[in-house]
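Colleague: have a look at this fold, sequence not included:
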């Protein structure tokens, strides 16, 4: 019996001593993840979130570079939900709080840029969907069902935020106070951010062109204030100021690159809307961004340097037929040399000097500011030519590279037919279709056409918005574009709104689109 | 009479043993029990010592052993027999039980390993004998339970080493309890040969004593505890089966090869051909007409470098069938049991070898189990059990959709233009180890290269065991102290060779990965059991106990980022920096519980249980919670005279509430992983993040904290290796509590005709919620979900079991039947506060398994509406397509006995429900499915090929196709308008005409079958699950050392019945759950062979 008592006691001791060292509250924590982070890490996250890349649906909707095989996608305007940047905006709030909690003063670089991000992201969503929650948004459990702000209020708020951002940054620059870190665009240069803030404001004002008579918004005055006072409102002075996403190896490849050429090289082809305009203007950028349709060169013997050898597919055409024609080489594809031969092709400009030039030209054309519209138009065209490496002074030549069919290495320059195409910008500009017209309406179309060409693979949905606002350039429709032959005018609201914010969602739809979350509904901005 | 010879001999032997035993008091006594009806041994009879808690049961030979004083009285009870009391000192050599329809004192194992009489149970349990699963055995020990228990659905997995999905009443069971103690189980670490019985605890009330882990029920496993008679017994069981003959198989066409738009030529196999048709292609290439086309193995002119054309023929017909081999499985078990006066021992060694029908893929499992018990004094019993299980294979298949999958490569995305037999020498000359040979080099892989070079290893050591001490304080009270461990160590490896290029790893430079996981869990518990009978009327039996559960888990996942030198699988050979992710977690649960059964004479038993848990998985302010249960049973036939035809009638009812905490039953390779260097964008927020863009994510047993109730930042390096942080996208209710499930269950058991016919019926209602809900909220809050206590669902169901013995002819033919039937449905009862809609489509009262997915726009009379190019228009939002769950499940088991021969067979199946066939979507869209080359589609496809100019058959540059799709077109040039739910709102404005527009087949099929509605399949199917033909070799041939030999011919999954042949590329057996989309699935096979059982 003694032995047994010892045995039982021993078992009991082993069990009890096998320890409960940590408390329940310690054990409840997830030690694998941080619960607080420095503002710079959140800043980097926001900067990554806000960028648009080429190769996305924006260039389908802009009728630039379109799908030919339904398995991978189609060119239909059957829009789903618009972009959702609310969680990015929540990161902005957390970034501002982290800056304060790590000792920054009330006005600091993060708080100033926080205002820019708000203006940038709220209007980005509103441009897609219409009215959106703004004033009641981002309050977590305090407001679980935020009401929608009218699109006008969103834009008004955004413009005011940009003004404050500009003022705040101005004061920080004056004080030499800058604690930015983690900037992937401007290397923490707050002066460049200030230019971006004002340049972006110009873009927003252009979006409001149909509301020019709205006294409440003061569009023309706001535009003029910036344009006329570069000391207070510095704007971009060249492409070096661009807010652009640079592709880097080996972490962030350009979406089209040697590694995925075999997958993606043939699944989209150029669109008639884009190629047709380049051909119409005898524009040398055609040779940089596209390749001739091989059928016309190889089977019909046309010259590969001839504009007539380039074909874009009508986005409205039947996708099955388009795909068969694409396989047969009847359409132009993205220029292999420019877009596929390296991993970093070209930067994705989010907000650029070139676009700004055309925006100012448009404002001048519309009489918002006193400026030489043609001047700004020319600046834009020339800067765009320069972006593609095309000389704009005197007789020069465009070096075109066309990938030889049947070649097996897209990185090897030996596989390209190199063509030197004579070009003289003066002759180009002398064309009546290009030369800034004396007729204001024609001139506006020219500005918008050149802006369209310059924004190929850039600036997200800007070209779609321009079409939506102005009808330039003419988009085509057909069975390929779906939606019963209509270019959709807006995106739907996020899926969770219908069930989780029902009342406000329905109220917003009633106020705007006859109660239906209708992709063909016309938002305030477009009326 | 043959039986009698062996029987007599054994009786004599026992008698001799008994005489020697009688000399000492307080010793184990042994006995032998037979039936009065047929004089056969009675197995599973309960023998207890009156006035004590000691009990045992007879083995399959009717023998038992129990320790008792000489003056003790033994109570012998067994289902269908009258109780019998007999003095321990009396003659126990042939205790004859008379059949008595009135008494059903069957005993089953219930929660915490407590054995209870079924007549006292107020809830449904169903028991399956271990031996029923070891003959026509499935590769997986748990898959064998298919169809054996009403309400239990087992979805056997078609893939080697994957576990079955075990659903009880529609919820997955993840708790396996061995001899009263929870173990961590992947279902493979259980050796069926060591199992005495499986008990399925159905409702939460049955499982209320195990706490949250048993919310969905539990499977209790009782292991074999050694021989009941003195001396030792050796048993050998060998089961050998082959896998051959397919039940479900990809339905592929062999008329057209790979390519696009009926066109193909090989340039470099990487999209170098015009139109990119030779890389990452579909199977929409040319018709096999013997025409000359440059192919991967066509000769290249050494001077011009031009690849010549070679005849284009279907040389790869039946590639998959030719590639697969006959699978084989052998399982051998040797066990030795011994017992003496105060000990019981059992040692068991099992080995299972499964050779997959996929070449060079196999699995070994070795299992060692030992049990020992020792009584140092009559009051004290020390018991210990240890199970060691090792699963090991250097290569097992990965079937998940992607270039890593054999099916993806052979049956979905490449055609019959290459011959699998020519792929056996898979290295290119001069490029051994760096470049394989195949028909394509961009996306697809040579299958022999895959199985011989791209190796996935799995090595898992699994140990569970316990030590317990039971001390009898007096005849009423005994106490048990028990400590247990369950632990595993896992290593998974992947050796990816050069020139393999799955999703995200297109660099073709190889990789090596390791996935290491360690789990350790200890449960230590103290229990006090008591049993009192008051005035021969009220019996109180019960227990109180406490448990400490300590849990620790850690894992790491590491990968190279490409290799420097081919074939060297080591992290030091990584080309770019090694990528790694690690995770660890701890948890503690303190529990106290009680159980009390009060039996009032033979009128009723009322049982109550209660359990309190304090779990570190919940926030500290709400980490203690209570689970109560109460149940009542009454055997009406014990106190009311019922018509003679009714031999037994019991009613029962129960209530329980169970809570669940923030834990997950399984865990993935790299929880909270944020590695982006391998070209994936993991969420960084989940236990299940896959660091890779391809392949199967292996989830191993966990049952630890998931940290889902706490906010945190996820960090990653999204740009230029620069770190970034992101806030959580969830809001958290700071007062979050456990989830609640309230369960009601009612039922009755009735037996007729002296128990020849039995019927058991159960109804249940679960009210789930408020649960811990990850509720989608307005994203404008800055967050996408709110984690709070909300949402109630109500599940109602019915289960019926019918058992009968239509023929019972002693010594001659007997026939037994068991039929199980079950159904349930689950509806929304209460939505989150303030919501009238949940997840876009659901309202209160809606079934939760309604499937909403992509659908065609249709006219009011149901015709498909096409656009002007003759392609179907889809609605702009998902539409209701059907209910995912089956209406009901059924199974019928028949067993015939005739003079030593037995024949058993089982049919089972499910009826109703829908799902979407993923294989069908992919093979249709890809042009590989048989239907794309048959009928109208096939005829049009042929014309498309003839007309395509580059094929030079009858070129027609104006050709726009010839297939005319079903349905109508809008004929009055009016736009179709939809409302928010995808309903057309302007039918009145629309005029329709028959569609006459021709279309090219590839585009039409891609659009039509890219719509889920077109691939919607019924889930009704049936299987001939198992057939066993057994024969007990008569004793006269056995010699004196062998006591029993049974030989069985066995077959499993012999027939699969499914109505619509279009969907016979999927075996629905694997999907008992409400599943909106199937996955790629290896062809399922028939399995047959033989089983040998020797007992020495």
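Modeller: Structure's in. What do you need? Please read these numbers as outputs of a predicted model, since none were measured by experiment.
Colleague: closest residue of chain B to chain A?
Modeller: residue B:1003 (2.7 Å; Cβ to the nearest Cβ). Yep, even glycine has a C-beta here, placed from its N, CA and C like the rest.
Colleague: quick one: that residue is in a helix?
Modeller: Yes. Counting by DSSP: H, G, I helix; E, B strand; the rest coil, residue B:1003 falls inside a helix.
Colleague: list the contacts for it?
Modeller: Residues counted as contacts of residue B:1003 (Cβ atoms under 8 Å, 6 or more residues apart in numbering or on different chains) are A:69, A:70, A:318, A:319, A:320, A:321, A:323, B:871, B:961.
Colleague: of these, which is the most crowded?
Modeller: Within the contacts of residue B:1003, most neighbours by other Cβ atoms under 10 Å in any protein chain shown means residue A:320, with 31 neighbours.
Colleague: my read: that residue touches residue B:940, true?
Modeller: No. If you go by Cβ atoms under 8 Å, residue A:320 and residue B:940 don't touch, sitting 11.4 Å apart.
Colleague: anything in contact with each of those two?
Modeller: Each of residue B:961 lies in contact with both residue A:320 and residue B:940 under the rule Cβ under 8 Å, 6+ apart.
Colleague: still on that earlier bit, grab the nearest non-local neighbour of the residue of chain B closest to chain A.
Modeller: Using Cβ to Cβ, 6 or more residues apart in numbering or on different chains and skipping residues adjacent in sequence, the residue nearest residue B:1003 is residue A:320, 2.7 Å away.
Colleague: and the one you found, what does it touch?
Modeller: A:70, B:869, B:871, B:960, B:961, B:999, B:1000, B:1002, B:1003, B:1004.
Colleague: residue B:153 too?
Modeller: Per Cβ under 8 Å, 6+ apart, neighbours of residue B:153: B:146, B:165, B:166, B:167, B:168, B:170, B:889, B:910, B:1072.
Colleague: quick check: pLDDT value at the spatially most central residue of chain B.
Modeller: Closest residue to the average C-alpha location of chain B: residue B:164 at 1.7 Å, with Cα atoms, centre = their mean. For residue B:164, the pLDDT comes out at 94.
Colleague: isn't it up against residue B:152?
Modeller: No. With contact defined as Cβ under 8 Å, residue B:164 does not reach residue B:152; the gap is 11.0 Å.
Colleague: dihedrals phi and psi, the residue of chain A found nearest chain B?
Modeller: Nearest residue of chain A to chain B (Cβ to the nearest Cβ) works out as residue A:320 at 2.7 Å. Torsion angles at residue A:320 (phi, psi; degrees, to the nearest 10) stand at phi -60, psi -40.
Colleague: how about the helices of chain B, start to end?
Modeller: B:2-22, B:131-134, B:204-207, B:319-323, B:406-407, B:447-453, B:918-925, B:935-947, B:1001-1008 (DSSP state H).
Colleague: which residues sit against the fifth one?
Modeller: The list of residues contacting helix B:406-407 from outside it, by Cβ under 8 Å, 6+ apart, reads B:250, B:320, B:323, B:358, B:397, B:399, B:447, B:450-451, B:919, B:1080-1082.
Colleague: same check on the third one?
Modeller: Helix B:204-207 is contacted from outside by B:110-111, B:122-125, B:175, B:201, B:214-215, B:217-218, B:609, B:629-631, B:654-658, B:741, B:743, B:745, B:766, using Cβ under 8 Å, 6+ apart.
Colleague: for the residue nearest to residue B:1003, report the pLDDT, please.
Modeller: 93.
Colleague: from memory residue B:586 sits against residue A:29, does it?
Modeller: No. Counting by Cβ under 8 Å, residue A:29 is not a contact partner of residue B:586; they are 9.7 Å apart.
Colleague: in strands, which of the contacts of helix B:204-207 fall?
Modeller: B:125, B:201, B:218, B:609, B:629-631, B:654-658, B:741, B:743, B:745, B:766 (DSSP state E).
Colleague: report the contact partners of the closest residue to residue B:360 other than its chain neighbours.
Modeller: Counting by Cβ to Cβ, 6+ apart, the nearest residue to residue B:360 once its immediate chain neighbours are dropped is residue B:451, at 4.5 Å. Residues in contact with residue B:451 (Cβ under 8 Å, 6+ apart) are B:358, B:359, B:360, B:361, B:395, B:397, B:406.
Colleague: same question for stretch B:89-98: list its buried residues.
Modeller: B:89, B:92, B:93, B:94, B:95, B:97 (16 or more other Cβ atoms under 10 Å in any protein chain shown).
Colleague: return the residues of the stretch 151-300 of chain B in contact with chain A.
Modeller: B:260-261, B:263, B:267-268, B:270-277, B:279-280, B:282 (Cβ under 8 Å from any Cβ of the partner chain).
Colleague: among these, which one lies nearest to residue B:246?
Modeller: Among these, residue B:282 lies closest to residue B:246 (Cβ to Cβ), at 24.9 Å.
Colleague: next, count neighbours for the closest one.
Modeller: 23.
Colleague: ok, residue A:153 next?
Modeller: Neighbours of residue A:153 using other Cβ under 10 Å come to 16.
Colleague: surely it is in contact with residue A:132?
Modeller: No. With contact defined as Cβ under 8 Å, residue A:153 does not count as touching residue A:132 (9.8 Å).
Colleague: ok, back up a step: mean pLDDT for the helices of chain B - can I get that in JSON lines?
Modeller: JSON lines is the format used below for those (pLDDT from 0 to 100):
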{"stretch": "helix B:2-22", "mean pLDDT": "40"}
{"stretch": "helix B:131-134", "mean pLDDT": "80"}
{"stretch": "helix B:204-207", "mean pLDDT": "74"}
{"stretch": "helix B:319-323", "mean pLDDT": "97"}
{"stretch": "helix B:406-407", "mean pLDDT": "95"}
{"stretch": "helix B:447-453", "mean pLDDT": "97"}
{"stretch": "helix B:918-925", "mean pLDDT": "97"}
{"stretch": "helix B:935-947", "mean pLDDT": "97"}
{"stretch": "helix B:1001-1008", "mean pLDDT": "96"}
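Colleague: highest average neighbour count across the ones you listed?
Modeller: helix B:204-207 (a mean of 30; mean count of other Cβ atoms under 10 Å in any protein chain shown).
Colleague: just how off-centre is that helix within its chain?
Modeller: Taking Cα atoms, centre = their mean, to the nearest Å, one finds helix B:204-207 lying 21 Å from the centre of the chain it belongs to.
Colleague: flag every buried residue along stretch A:154-164.
Modeller: Neighbour-count burial for stretch A:154-164 [16+ other Cβ under 10 Å]: A:154, A:155, A:156, A:157, A:158, A:159, A:161, A:162, A:163, A:164.
Colleague: how about stretch B:1062-1079?
Modeller: Buried-residue list, stretch B:1062-1079, by 16+ other Cβ under 10 Å: B:1062-1076, B:1078-1079.
Colleague: now the terminal residues of it, how far apart.
Modeller: Taking Cα to Cα, to the nearest Å as the measure, stretch B:1062-1079 stretches 16 Å from start to finish.
Colleague: centre of the chain versus that stretch, how much separation?
Modeller: 14 Å.
Colleague: and for stretch A:506-525?
Modeller: Using Cα atoms, centre = their mean, the offset of stretch A:506-525 from its chain centre is 24 Å.
Colleague: ok, stretch B:268-279 next?
Modeller: Taking Cα atoms, centre = their mean, one finds stretch B:268-279 lying 42 Å from the centre of the chain it belongs to.
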